[in-house]
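[1] Structure, please.
(chains A, B, C and D)
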Number of protein chains: 2
Amino acid sequence: MATLQDIARLAGVSTATVSRTLSNPGLVAEATRAAVLAAVEQTGYQVNHAARNLRMQRAGSIIALVPNLANPFFSQILAGISSVLTPEGFGLLVADTQAGPDPDSRLRQYLRGGVADGLILFDGNLSLAALDVPDSPPVVAACEWLGDTLPSVRVENAHGAELAVRHLFDAGHRTIGYLTGPKGNVLNVTRQEGYLAALATLGLPSNQAWIYEGDFSLDSGAMAAARWIADPMRPGAMFCASDEMACGFMGAIQRAGLHVPRDVSVIGFDNIEVAAHMTPTLTTIRQPRTLIGERAANMLLKMIATKSINIETEIIPVELVERSSVANPAHASRALVTQN
Amino acid sequence: MATLQDIARLAGVSTATVSRTLSNPGLVAEATRAAVLAAVEQTGYQVNHAARNLRMQRAGSIIALVPNLANPFFSQILAGISSVLTPEGFGLLVADTQAGPDPDSRLRQYLRGGVADGLILFDGNLSLAALDVPDSPPVVAACEWLGDTLPSVRVENAHGAELAVRHLFDAGHRTIGYLTGPKGNVLNVTRQEGYLAALATLGLPSNQAWIYEGDFSLDSGAMAAARWIADPMRPGAMFCASDEMACGFMGAIQRAGLHVPRDVSVIGFDNIEVAAHMTPTLTTIRQPRTLIGERAANMLLKMIATKSINIETEIIPVELVERSSVANPAHASRALVTQN
DNA sequence: CTGTTAGCGCGTTCAC
DNA sequence: GTGAACGCGCTAACAG
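    Next up is the predicted model:
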């Protein structure tokens, strides 16, 4: 493997000149530059990143810490991050907080040691204390945030919940349930608050029994459906805190011989790709995942470049995507009668 | 940020001793070791990776190069990779061949420069020539492979296709179509060969008109459904080269007022998570994605450790997952008659 | 415009 | 069992 030295020798110049030619070509004369580039071409030289990074006191990469890499929700976000990092010459390291035994200590490890120049945090369950290391690289919290001490990229979660409830209301629903995410999860808490606030605004009753517990997963949606079916006081519409749960819920409902939206209207949150292809197609709240990744990456890059840590918060808008999993309950009953 | 020097000074020993204490504790006396560790504890010292890597001539990470990071198919594979890399102290870099302008040159960049100690390739469209760089770190091709010059982790694609066709045959189907992946894609080619081979084995007719073109995506599945509906000679069953397409296909079929499996049986490939929750639930060929990632990572680590490049091929088994998107066409017709 | 020099922080010989 | 010294490959002052 050729080094700067080799190129210098080959081109008959000093290593400094080679270095300059590669990183700041304007500073070097036309002729020498040509000689250097020729030598580079000839040897197929590539800079050694470890050496450059050591010298420049940087890592050349940023790290995304997610709660579960296997969750497809993050794949599009990672793509967004990658798309802004790559042109800037940064690598993207990914790590899973669930991979090791102690998430907090792993976080510490990443913050020290110069593994990365910055960190994007997607796990709201980490402790703020773990972040408190001196001289740590900048950190931005994305999607899930921890307190107000970190710059963050968030989504209009409460607003999304309100849009969902309002949409069900407009469709004629007066009994609207909520299928929750994991207990304590920030996203879930915020969406649930939005749900309750919307009910209050619309003068609708809220009922603890209409809140079904889930954990964002497909299976938890299916399990909630079983409870919904068995519930004599079940609501006529369900707002699910994630599309995956909505999907699991609808599937189980229909396997039980019931029908969406005839027997229950369903609305999700996320707008995952399959939402548009399910039967019925799923009405949902879209959160632009690529954009979330891009914004988080940009925010982090800005912090790295300016070496400043102004704690700003960027809010990503959501929007209702109307499809066919929501229907007017009166019409639905009528259709039911007609059909049977 | 504390360095080895600082620790050495604080503990009253030399930097060599500190280094030994951390990487080879057995070589150092009990008392001095305690002193060093105390100093480490006190300062919260962490080794500087850039320096260590430079000294040890390694990168401390491996890189996964995927054709499209946003594709959720890879998320579970990445999780598998990460789960074996993390305990071994390697980081996982991810990169998207579509991110930049020239995929091949980006590949070259990763192979030189010591960015990573190894590379897992998921994109079969890269050129083999780009891989031909001297002193490049080990590379393993996963899922999609290029020639036989690379160690690879593959899935029983042809066998999976045969399982699918056989299953449709056993259910009573005699006209079986194939919804393809992208033209030229290795996975698609192999699955199509398996499909044709199975038809031949079973003495079934093969018909060019029953081969519908797709590209693995949901949308291409939906578009194929439109063509299927318009086709007077359409087959009674479709084997789709990916679950996403099967999903898009079924959705469009049902939005058109037809019914799966009454009007057409559908079988997919992958066993993505939603497959078990769709309406109807999707019969498919399972390929264990986490396992693929784990195996590829292990193979790469072994190559890194032994510095050898024996070109082995690991084949990951697939299996049929029976659900409810396949039915006997005779029964289906009868049901149709009964119902109307 | 270019060369000389001096480290970045660490692991590792080679003495003692 | 421990310390002194060297260099991994590179960039950034500082001269000239």
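
[2] where along the stretch 101-250 of chain A do the strands fall?
    Assigned by DSSP state E, counting those that start in this stretch, the stretch 101-250 of chain A shows strands spanning A:118-121, A:139-142, A:152-155, A:176-179, A:211-212, A:237-240.

[3] Name every strand pairing with the fifth one and say which way it goes.
    The strands beside strand A:211-212 in its sheet (DSSP bridges) come out as strand A:176-179 (parallel).

[4] follow-up on the earlier one: okay, the strands of the stretch 101-250 of chain A in TSV with distance to A:S19, mean pLDDT and mean neighbour count next?
    Every residue, glycine included, has its C-beta placed from N, CA and C. Listed next are the strands of the stretch 101-250 of chain A as TSV, based on distance: least, Cβ to Cβ, whole Å; pLDDT from 0 to 100; neighbours: other Cβ atoms under 10 Å in any protein chain shown:
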stretch	distance to A:S19	mean pLDDT	mean neighbour count
strand A:118-121	25	96	25
strand A:139-142	32	96	27
strand A:152-155	36	96	24
strand A:176-179	59	98	27
strand A:211-212	62	98	20
strand A:237-240	56	98	31
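
[5] Surely A:D270 and A:M245 touch.
    No. The criterion here is Cβ atoms under 8 Å, and A:D270 misses it with A:M245 at 9.7 Å.

[6] tell me the secondary structure for the closest residue to DNA strand D within the stretch 201-340 of chain A?
    In the stretch 201-340 of chain A, the residue that lies nearest DNA strand D is A:A305 (14.0 Å; Cβ to the nearest atom of the strand). Following DSSP: H, G, I helix; E, B strand; the rest coil, A:A305 is assigned to helix.

[7] Just the pLDDT for the residue in the stretch 201-340 of chain A that DNA strand C sits nearest to.
    Nearest residue of the stretch 201-340 of chain A to DNA strand C (Cβ to the nearest atom of the strand) works out as A:K307 at 16.0 Å. Note on A:K307: pLDDT of 89.

[8] Neighbours of A:F249, how many?
    If you count neighbours by other Cβ atoms under 10 Å in any protein chain shown, A:F249 ends up with 30.

[9] I figured it was touching A:D219, is that so?
    No. Using Cβ under 8 Å, A:F249 is not in contact with A:D219, being 10.5 Å away.

[10] What parts of the stretch 51-200 of chain A come near DNA strand D?
    Proximity of the stretch 51-200 of chain A to DNA strand D, by Cβ under 7 Å from any atom of the strand, involves residues A:51-52, A:54-56.

[11] try 10 Å this time
    A:51-58 (Cβ under 10 Å from any atom of the strand).

[12] Kindly reformat those residues as JSON lines containing secondary structure.
    Putting these into JSON lines (three-state DSSP) gives the following:
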{"residue": "A:A51", "secondary structure": "helix"}
{"residue": "A:R52", "secondary structure": "helix"}
{"residue": "A:N53", "secondary structure": "helix"}
{"residue": "A:L54", "secondary structure": "helix"}
{"residue": "A:R55", "secondary structure": "helix"}
{"residue": "A:M56", "secondary structure": "helix"}
{"residue": "A:Q57", "secondary structure": "coil"}
{"residue": "A:R58", "secondary structure": "coil"}
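
[13] still on that earlier bit, looking at the strands of the stretch 101-250 of chain A, which is nearest to DNA strand C?
    Within those, the stretch nearest DNA strand C is strand A:118-121; the backing value is 18.1 Å (Cβ to the nearest atom of the strand).

[14] That closest one packs against which elements?
    With contacts taken as 3 or more Cβ pairs under 8 Å, 6 or more residues apart in numbering or on different chains; DSSP states H and E, strand A:118-121 sits against strand A:61-66, helix A:103-111, strand A:139-142, helix A:289-306.

[15] that older thread, when A:D270 and A:M245 are compared, which one has more neighbours?
    Between A:D270 and A:M245, counted using other Cβ under 10 Å, the more crowded position is A:M245 (32 against 24).

[16] Just give me the neighbour total for the nearest residue to that one once chain neighbours are set aside.
    Counting by Cβ to Cβ, 6 or more residues apart in numbering or on different chains, A:G221 is the residue found nearest to A:M245 once chain neighbours are left out, at 3.5 Å. A:G221 has 31 neighbours, counted by other Cβ under 10 Å.

[17] does A:G221 really touch A:G248, like I thought?
    Yes. Shown here, A:G221 and A:G248 form a contact pair, counting by Cβ under 8 Å, at 2.7 Å.

[18] Find the residues that touch each one of those two.
    Here A:G221 and A:G248 share the contacting residues B:H277, scored by Cβ atoms under 8 Å, 6 or more residues apart in numbering or on different chains.

[19] Quick one: the strands of the stretch 101-250 of chain A as CSV, columns for distance to A:I285 too.
    Listed next are these as CSV, based on distance: least, Cβ to Cβ, whole Å:
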stretch, distance to A:I285
strand A:118-121, 23
strand A:139-142, 18
strand A:152-155, 9
strand A:176-179, 13
strand A:211-212, 18
strand A:237-240, 9
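
[20] how near is the residue of the stretch 1-150 of chain A found nearest DNA strand D to A:V36?
    Closest to DNA strand D within the stretch 1-150 of chain A is A:L4: 2.9 Å, counting by Cβ to the nearest atom of the strand. A:L4 is 10 Å from A:V36, where distance means Cβ to Cβ, to the nearest Å.
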